[in-house]
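Visitor: What follows is a protein structure lacking sequence information:
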């Protein structure tokens with residue numbers, strides 16, 4: 001679709017501003033009632049989904065031109081999907097997140113980007129990763145010494161896809177190594193593409209660089225097919241979302257599981273048994289791309305129509321992604337099964353979770369905004385009295401850890417795999 005194709009949605013947005021808040025019946029306090037980091041930080045109407053609908057319509061009509069503020073507004077969406085979830089509580093005929101992403105793509109096609117975006121995309125094209133400075137040749141350094149199956153030579157139970165953060169980030173590589181060791185200890189035959197895989201490029205799509213995303217995703221799908229991959233397990237929520245929600249649009253049929261889903265199965269089947277107590281109270285952060293954006297893709301073909309020339313609908317009925325069917329129970333089941341761990345929930349959880357601030361490329365392009373967003377979540381986590389903030393996404397962990405350092409916060413930040421390893 002083009003931006004022009006979204007004009008009917010722009011025109012039928014009722015300007016209710018529900019996109020700014022979690023559903024009103026779920027708000028527990030005024031302090032933690034908002035769901036959109038962009039409006040929370042910039043405090044300007046255009047930084048809401050409603051405002052972006054208005055701005056896009058104004059641009060198409062020639063009433064608004066690109067200025068530095070307009071460009072920053074377009075790209076200051078973390079692509080977290082909170083506005084989309086809130087809108088669909090009472091609407092069926094709007095797609096705020098898809099529109100926001102198309103608005104970004106429209107700006108990128110017009111050459112209107114932020115300075116921090118270009119080095120990221122250039123490295124993606126050159127080195128097949130969006131971590132600036134990382135090299136394709138070093139993609140498998142994290143796995144040195146691990147005995148994993150080469151999927152181009154023999155089959156395995158699962159293909160382990162670490163993702164860029166776990167592959168290149170020195171502080172996170174040990175988490176990926178431990179993930180593989182945990183699976184192998186449970187008797188799982190773990191395979192790898194041996195560096196033939198590329199960045200999932202989901203973040204390129206979130207930033208509006210659709211060509212670069214299509215190039216990388218096509219290469220990955222071909223590699224999966226060549227290696228005969230049937231099931232992918234990834235500890236990265238961004239990769240999970242890309243593989244499960246986006247790649248099927250290009251024909252991928254691979255089963256995709258996040259590490260927490262697979263661990264939950266293994267624990268339930270008795271293949272993982274915890275032997276050590278971890279006396280710690282924790283609060284769990286639901287990553288956007290594992291939670292409300294973790295729902296499976298449902299193919300659909302149809303057309304829009306009007307009833308009595310007024311009510312917009314689709315024939316046949318179009319899939320409705322509300323965020324309610326994301327991966328929420330698996331990580332909580334894991335935490336509940338670890339001896340000594342006490343889960344203390346924040347106010348905004350599950351599909352109403354507040355974004356970590358790293359999404360949409362914002363951690364690279366708008367670092368102050370990204371850090372503020374992470375700081376807001378850390379404040380909410382601290383309010384629970386928990387010892388640690390736990391998540392199941394390397395981008396979330398990295399952004400929270402950076403915000404802790406920058407803001408002097410004392411909250412410990414852990415990957416859920418680290419807790420699992422502590423208990424074995």
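Guide: All right, it came through fine. In this text the structure is predicted, and so the values were computed from the model without any measurement. Residues are numbered from 1 along each chain as shown.
Visitor: Tell me which helix or strand residue 104 sits in.
Guide: helix 96-109 (DSSP states H and E).
Visitor: The next helix-or-strand element following that helix - contacts with which helices or strands?
Guide: For helix 96-109, the succeeding helix or strand toward the C-terminus, using DSSP H and E, is helix 117-127. In this structure, helix 117-127 makes packing contacts with helix 202-207, helix 210-227, helix 362-365, judged by 3 or more CB pairs under 8 Å, 6 or more residues apart in numbering; DSSP states H and E. Every C-beta, even on glycine, is put in place using the N, C-alpha and C of the backbone.
Visitor: Pick the most buried one from the ones you listed.
Guide: Neighbour counts (mean count of other CB atoms under 10 Å) averaged over each of those peak at helix 202-207, with a mean of 27.
Visitor: Reformat the helices and strands packed on helix 117-127 as JSON lines; add mean pLDDT and distance to residue 171.
Guide: What follows is those, written out as JSON lines (pLDDT from 0 to 100; distance: least, CB to CB, whole Å):
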{"stretch": "helix 202-207", "mean pLDDT": "98", "distance to residue 171": "19"}
{"stretch": "helix 210-227", "mean pLDDT": "98", "distance to residue 171": "24"}
{"stretch": "helix 362-365", "mean pLDDT": "97", "distance to residue 171": "15"}
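Visitor: Quick one: closest of these to residue 116.
Guide: With respect to residue 116, and counting by CB to CB, the nearest of the helices and strands packed on helix 117-127 is helix 362-365 at 3.7 Å.
Visitor: So, low pLDDT: which residues of the stretch 201-350 of the chain?
Guide: Within the stretch 201-350 of the chain, not a single segment meets pLDDT under 70.
Visitor: Could I get the full set of strands for it?
Guide: Secondary structure of the stretch 201-350 of the chain (DSSP state E, counting those that start in this stretch): strands located at 231-234, 255-258, 280-284, 303-307, 311-315, 341-343.
Visitor: starting at the chain centroid, how far to the third one?
Guide: Computed by CA atoms, centre = their mean, to the nearest Å, the separation of strand 280-284 from the middle of its chain amounts to 21 Å.
Visitor: and stretch 91-105, average pLDDT?
Guide: Averaged over stretch 91-105, pLDDT sits at 95.
Visitor: Can you tell me which residue sits nearest the middle of the chain?
Guide: residue 289 (2.8 Å; CA atoms, centre = their mean).
Visitor: From residue 200, how far out is that one?
Guide: Per CB to CB, to the nearest Å, residue 289 is found 10 Å from residue 200.
Visitor: Overlap in contacts, these two.
Guide: Residues touching both residue 289 and residue 200 (CB atoms under 8 Å, 6 or more residues apart in numbering): residue 238.
Visitor: Over to stretch 74-91 now: how far is its first residue from its last?
Guide: 23 Å (CA to CA, to the nearest Å).
Visitor: Quickly compare the strands of the stretch 201-350 of the chain and say which is most buried.
Guide: Highest mean neighbour count of those: strand 231-234, a mean of 22 (counted as mean count of other CB under 10 Å).
Visitor: What pairs with that strand, parallel or antiparallel?
Guide: If you go by DSSP bridges, strand 231-234 pairs up with strand 158-160 (parallel), strand 255-258 (parallel).
Visitor: Quick one: closest of the ones you listed to residue 381.
Guide: With CB to CB as the measure, strand 255-258 is the member of those nearest residue 381 (21.3 Å).
Visitor: can you list contacts of the closest one?
Guide: Contacts for strand 255-258 (CB under 8 Å, 6+ apart): 158, 230-235, 237, 240, 243-244, 290, 294, 327, 330, 392.
Visitor: I am finished for the moment; much appreciated.
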